[in-house]
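*Asks:* Let's see this in three dimensions:
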Amino acid sequence: MFPAKAWFRGTPWDSLLNTVLRLDRTVWTRSPATGMLKRTAETVFWISSAAGMTATQWLASIRGHWRIENGSHHVRDTTFAEDASRIRINPDIAARLRSFAYNLLRASGGENVQNARWRAALDVSLILKMPGIR
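*Replies:* Residues are numbered from 1 along each chain as shown. All right, here's what the predicted structure looks like:
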């Protein structure tokens with residue numbers, strides 16, 4: 001953790017940023033072709049307006065962010081192709097529909113959202129059994 005003031009002094013960001021974090025992390029990536037894991041090391045920087053947190057608190061906050069990213073956003077992008085969407089008029093409506101479908105699939109106990117979505121598409125009775133539908 002570093003105080004950010006010296007880095008951003010004299011810039012428009014000076015009053016907004018308080019902390020710079022340097023994080024060394026290990027990333028494991030699965031190869032779709034072989035199924036084997038590849039290990040890489042990365043150094044990333046985080047800039048924040050928050051101040052006065054301990055390193056342990058920062059790590060908990062960063063892990064919490066990635067839990068959401070991996071548990072929701074990544075699943076929504078791979079299952080519903082959200083990032084590839086070309087809807088330009090009222091995209092928020094389509095995003096809400098995707099969120100509704102995602103939440104229904106999760107609430108019905110679907111561990112694998114893509115598989116649950118496929119099964120629901122093949123059998124309408126599964127959709128009617130989902131909580132909150134009737």
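
*Asks:* hey, let's count contacts and neighbours off CA atoms from now on
*Replies:* OK.

*Asks:* Before we move on, what's the pLDDT of the residue nearest to Arg30 when sequence neighbours are not counted?
*Replies:* Excluding its sequence neighbours, the residue lying closest to Arg30 (CA to CA, 6 or more residues apart in numbering) is Leu37, at 4.4 Å. pLDDT for Leu37: 94.

*Asks:* what about Leu37, neighbour count?
*Replies:* Close neighbours of Leu37, defined as other CA atoms under 10 Å, add up to 12.

*Asks:* quick one, what contacts it?
*Replies:* Applying CA atoms under 8 Å, 6 or more residues apart in numbering to Leu37 gives the contacts Trp28, Thr29, Arg30, Ser31.

*Asks:* now do Pro131
*Replies:* Here Pro131 is in contact with Leu104, Ala107, Ser108 (CA under 8 Å, 6+ apart).

*Asks:* now with 7 Å?
*Replies:* Applying CA atoms under 7 Å, 6 or more residues apart in numbering to Pro131 gives the contacts Ala107, Ser108.

*Asks:* in what helix or strand does the nearest residue to Ile87 once chain neighbours are set aside lie?
*Replies:* Using CA to CA, 6+ apart and skipping the chain neighbours, the partner closest in space to Ile87 is Ala94 (7.9 Å). Using DSSP states H and E, Ala94 maps to helix 91-107.
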